[in-house]
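give me coordinates for this.
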Amino acid sequence: MRLPFAAIAAALWIIPLQAQTSGPSGIQGVESDDFSPVMKINGVVQSDNPLGGIAKRWSLRSFVGKFSGVTKHQLYVSLDYFSAASRKRFNEASDNSATRLEVTSIANESEYGCSKNAFAYGCHYSQDLGIELAAEALRAHAAAGYPIKVTAKSGESFILVISPGQIAAQLDTVERCLKYVHAHNDAAPGPQGPQLTKHSQLGFKASEITDELSAKTGMQKGPGIVVFEVTPGSVAERAGLKVKDRIMAVAGCGPRIDSKAAMQKCLARKKAYIGMVVDRGGNLTAVGMKLYAEGN
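Below you'll find the predicted structure:
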């Protein structure tokens with residue numbers, strides 16, 4: 001694994017979320033492991049629990065690709081309320097420039113704890129949703145805070161504010177994650193001028209699965225290109241690449257790789273390190289290959 005999570009946490013001075021310990025002000029922690037292609041940065045949770053109203057908990061979270069550096073931001077919102085009528089179904093959001101924001105359902109609105117007695121309060125409902133945020137919008141609201149209006153199908157709405165401190169801490173941690181990713185994925189060769197490994201000497205062969213190859217090998221057609229040969233003792237084998245791995249993406253070469261030609265074009269631009277995301281038996285795994293020798 002090119003970016004072990006322990007090294008990431010140490011380099012960023014952040015304690016994993018699982019440890020239940022806060023990192024820098026405004027950040028709860030970084031959640032990841034050696035098998036995940038992304039780091040998830042979790043902001044501290046804020047809450048509002050008005051008597052008889054909708055209990056709200058919200059936090060910023062960001063996802064940083066360990067190899068691609070692609071970053072996404074999301075406001076995670078958890079809602080709890082009682083209603084004698086029906087579900088409210090919150091499914092829309094906008095900011096103070098009236099820009100509609102994409103809303104993703106993380107946990108569908110659940111109903112439980114209903115009462116049928118006289119003077120009953122009704123049912124208890126909960127819902128988790130994610131509101132996608134642009135980095136440019138976060139930066140634009142870094143000084144005054146970022147108000148987000150959340151609206152339900154029932155017509156009810158409320159406003160959440162992402163504080164300047166939350167935004168600053170989140171963006172700062174994202175930048176440190178990106179610096180770490182870039183330093184390890186695109187590290188320039190040392191001043192000694194190390195010997196570079198030629199792309200043709202990496203020691204693996206891969207191709208998209210055509211009808212002919214599918215008939216010969218039994219491999220299924222699908223996204224990515226499949227590794228069908230790994231040379232023993234090669235750079236590819238030492239990096240952990242295996243036969244039947246399906247290479248889905250390569251850092252710096254777009255969101256996916258779908259052909260042998262695209263892979264060759266991508267590798268031709270690499271000078272120090274190749275970071276891949278492969279599908280291995282249905283699980284995504286990161287594989288990294290150095291194009292220069294240690295100590296040179």
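
use CA for all of it now, contacts and neighbours both
OK.

give me the most central residue, the chain.
Closest to where the C-alpha atoms of the chain average out (CA atoms, centre = their mean) is residue 63, at 3.4 Å.

tell me the strands beside the longest strand seen in the chain, with direction?
Looking across the chain with DSSP state E, the single longest strand is strand 71-83. Using DSSP bridges, strand 71-83 pairs in its sheet with strand 55-65 (antiparallel), strand 123-133 (antiparallel).

just put these in CSV and tack on mean pLDDT and distance to residue 289.
Listed next are those as CSV, based on pLDDT from 0 to 100; distance: least, CA to CA, whole Å:
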stretch, mean pLDDT, distance to residue 289
strand 55-65, 91, 17
strand 123-133, 90, 33
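
closest to residue 274 out of the ones you listed?
Residue 274 lies closest, by CA to CA, to one member of the strands paired with strand 71-83: strand 55-65, at 14.1 Å.

please state the offset of that closest one from the chain centre?
Here the centre of strand 55-65 is set off from its chain's centre by 12 Å, with CA atoms, centre = their mean, to the nearest Å.

repeat that for stretch 236-247.
23 Å.

outside of that stretch itself, list whatever touches it.
Here stretch 236-247 makes contact (CA atoms under 8 Å, 6 or more residues apart in numbering) with 1, 202-204, 224-231, 257, 276-281, 287-289.

apply 7 Å and report the result again.
202-204, 224-231, 276-280, 287-289 (CA atoms under 7 Å, 6 or more residues apart in numbering).

go ahead and confirm the residue nearest to the centre of the chain touches residue 42.
No - if you go by CA atoms under 7 Å, residue 63 and residue 42 don't touch, sitting 9.0 Å apart.

correct me, but residue 49 touches residue 58?
No - using CA under 7 Å, residue 49 makes no contact with residue 58, being 11.7 Å away.

ok, those two, which is more surrounded?
residue 58 (22 against 13; other CA atoms under 10 Å).

ok, which of the strands paired with strand 71-83 comes nearest residue 213?
Here strand 55-65 is closest among those (CA to CA), at 31.8 Å.

let me see the mean pLDDT of the longest helix along the chain.
When the chain is parsed with DSSP state H, its longest helix is helix 164-185. For helix 164-185, mean pLDDT is 82.

any buried residues in it, and which?
Neighbour counts over helix 164-185 (16 or more other CA atoms under 10 Å) mark 164, 166-171, 173-174, 177-178, 180-181, 184-185 as buried.

again, but for stretch 212-230
223-230.

helix or strand for residue 237, just tell me which one.
According to DSSP states H and E, residue 237 maps onto helix 235-239.

can you show me the CA trace of that helix as CSV?
Output in CSV follows, covering the C-alpha atoms of helix 235-239 (Å, rounded to 0.1, in the frame of the first residue of the first chain):
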residue,chain,number,x,y,z
VAL,A,235,8.1,-4.0,-10.1
ALA,A,236,4.4,-4.9,-10.6
GLU,A,237,4.7,-8.0,-8.4
ARG,A,238,6.6,-6.2,-5.6
ALA,A,239,3.8,-3.5,-5.7
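
what about the helices in the stretch 151-296 of the chain?
Ranges of helices in the stretch 151-296 of the chain, per DSSP state H, counting those that start in this stretch, are 164-185, 211-217, 235-239, 260-267.

my read: residue 225 touches residue 261, true?
No - under the criterion of CA under 7 Å, residue 225 is not in contact with residue 261, lying 10.2 Å apart.

on that earlier part again, let's see which of the contacts of stretch 236-247 end up in strands.
Using DSSP E, the contacts of stretch 236-247 in strands are 204, 225-230, 276-280, 287-289.

of the residues you listed, closest to residue 107?
Nearest to residue 107 among the ones in strands among the contacts of stretch 236-247, with distances taken as CA to CA, is residue 279, at 26.3 Å.

so who does the closest one touch?
245-248, 285.

give me the low-pLDDT residue ranges for the protein?
For the chain, the stretches with pLDDT under 70 are 1-26, 34-35, 84-85, 109, 111-113, 115-121, 182-200, 271-272, 291-296.

could you chop it up by domain?
5-185, 199-290 (automatic domain parsing).

name whatever forms a beta bridge with residue 278.
Applying DSSP bridges, one finds that residue 278 bridges with residue 247, residue 285.

so how far is residue 27 from it?
30 Å (CA to CA, to the nearest Å).

now do residue 232
Counting by CA to CA, the gap from residue 232 to residue 27 is 44 Å.

who's more crowded, those two?
residue 27 (28 against 11).

my read is that the more buried one contacts residue 46, right?
No - at 11.4 Å, residue 27 does not count as touching residue 46 under the criterion of CA under 7 Å.
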